[in-house]
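>>> coords please:
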Amino acid sequence: MSSVSSVSGKVVVTGATGFLGRPLVAALTARGDAVTVLSRDAARARAALGEGVEAVTADLETPGAWSAALAGARAIVHLAGESVAGARWSARQKQRIRDSRVEATRTLVEELGKLPAAERPRALISTSGTDYYPFAIDKAGFDDDEVTEADAPAETFLGRVCRDWEREAFAAQGHGLRVAVLRVGIVLGRGGGALDRMTTPFKLFAGGRIGNGRQWVSWIHRDDVVAAYVAAVDDERYTGPINAVAASVRNADLARAIGAALHRPAWLPVPRFAVRAAAGELAEYLLEGRRVVPARLRELGFSWRHTDLEAAVRDCLA
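Predicted structure coming up:
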């Protein structure tokens, strides 16, 4: 029996108007899936995604009539979550970041459990991040050890958020769903995301590495992370945690690739104190890193379109 299910049917997507959601919805509809999106603003989602997409108003942190939209789907792709870098981290903002992931996923799974077994989706493809893992620091400054899905979670704020987020997603296994959780790295793509923020100083001829530039950055092109989500919808072998990255590079190498793509110098480092002053607690995640590798995707035979950093950055900034 094939481990790949039929590539047509109903797929429910949360976070559909975001940086990953929009191209994912486009990929699913292009191949014939009927996509239903859950959004706080259904009219806005419908306008952004096209009339061919069904949009349902939903506050995922609160049970409601939206849960009826889950019935009969072959899979749910759960992308929703407050932007980690959207605002400076106050206690209130950190609570939003956590609740939009942990509490929303708990509610989603509880609503799935209320559906008759015959109407439940077969799979939940949820999201996490490479911030699940501890920073790779040793006495020499940075550690070259590769990090795989078998490594333990970090005791950082985002490490705990990712751990709790994943725990709520895996609870869906108790309702008979196949669950895969993609631990997504830095996503490189056109028109938004982390790369859009990174390029601003380079365009002003003030770009360069962050801190000493030796921290690892685990990256993936948006085309490839979308393909990984689609594969996880279709392929029953996609279960458990999966590192959605292409490779890990030093921050200085990423800075050089951005400078080369923009024909700008990459000579002006951003001092650690300046990063801390500008980003507050989030600075820790910019100044430290870990060398995450895609062990499970390799085992699954996933094929990346973009594995060369410089070529991937040029593609995004062309």
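
>>> what does stretch 174-184 contact?
Applying C-beta atoms under 8 Å, 6 or more residues apart in numbering, the external contacts of stretch 174-184 come out as 20, 109, 112-113, 117, 120-130, 132, 149, 162, 166, 169-170, 172-173, 220, 225, 228-229, 232, 236, 238-245, 292. Using the backbone N, CA and C atoms, a C-beta is placed for each residue, glycine as well.

>>> please read the previous query as pertaining to stretch 291-299.
Residues from elsewhere that reach stretch 291-299 (C-beta under 8 Å, 6+ apart): 130, 133, 136, 143-150, 183, 185, 216, 218, 228, 240-248, 302.

>>> again, but for stretch 54-67
Residues outside stretch 54-67 that contact it (C-beta under 8 Å, 6+ apart) are 14, 34-43, 45-46, 49, 69, 80, 99-100, 103-105, 107-108, 110-112, 114-115.

>>> give me the buried subset of those residues.
Buried members of the contacts of stretch 54-67, counted by 16 or more other C-beta atoms under 10 Å: 14, 34-39, 42, 45-46, 49, 69, 80, 99-100, 103-105, 107-108, 111-112, 115.

>>> before we move on, back to that, keep only those of the contacts of stretch 54-67 that are in helices.
42-43, 45-46, 49, 104-105, 107-108, 110-112, 114 (DSSP state H).

>>> identify, from those, the entry nearest to Lys94.
Comparing these against Lys94 with C-beta to C-beta places Ala104 closest, at 15.3 Å.

>>> contact partners for the closest one?
Ala104 makes contacts with Thr14, Leu60, Glu61, Ala80, Gly81, as judged by C-beta under 8 Å, 6+ apart.

>>> how close does it get to Val84?
Using C-beta to C-beta, to the nearest Å, Ala104 is found at 15 Å from Val84.

>>> now do the strands in the stretch 201-318 of the chain.
For the stretch 201-318 of the chain, strands defined by DSSP state E, counting those that start in this stretch occupy the ranges 216-221, 240-244, 247-250, 291-292.

>>> columns mean neighbour count and mean pLDDT on top of these, output as JSON lines?
JSON lines is the format used below for these (neighbours: other C-beta atoms under 10 Å; pLDDT from 0 to 100):
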{"stretch": "strand 216-221", "mean neighbour count": "26", "mean pLDDT": "97"}
{"stretch": "strand 240-244", "mean neighbour count": "23", "mean pLDDT": "98"}
{"stretch": "strand 247-250", "mean neighbour count": "20", "mean pLDDT": "97"}
{"stretch": "strand 291-292", "mean neighbour count": "25", "mean pLDDT": "96"}
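
>>> can I get these in a markdown table including distance to Leu317?
A markdown table is the format used below for the strands of the stretch 201-318 of the chain (distance: least, C-beta to C-beta, whole Å):
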| stretch | distance to Leu317 |
| --- | --- |
| strand 216-221 | 12 |
| strand 240-244 | 21 |
| strand 247-250 | 16 |
| strand 291-292 | 23 |
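
>>> so for Gln95, which of these sits nearest?
Nearest to Gln95, of all the strands of the stretch 201-318 of the chain, is strand 240-244, at 24.8 Å by C-beta to C-beta.

>>> by how many degrees do the closest one and strand 216-221 diverge?
Inter-element angle recorded for strand 240-244 and strand 216-221: 90 degrees (by axes from the mean of the first three to the mean of the last three C-alpha atoms, to 10 degrees).
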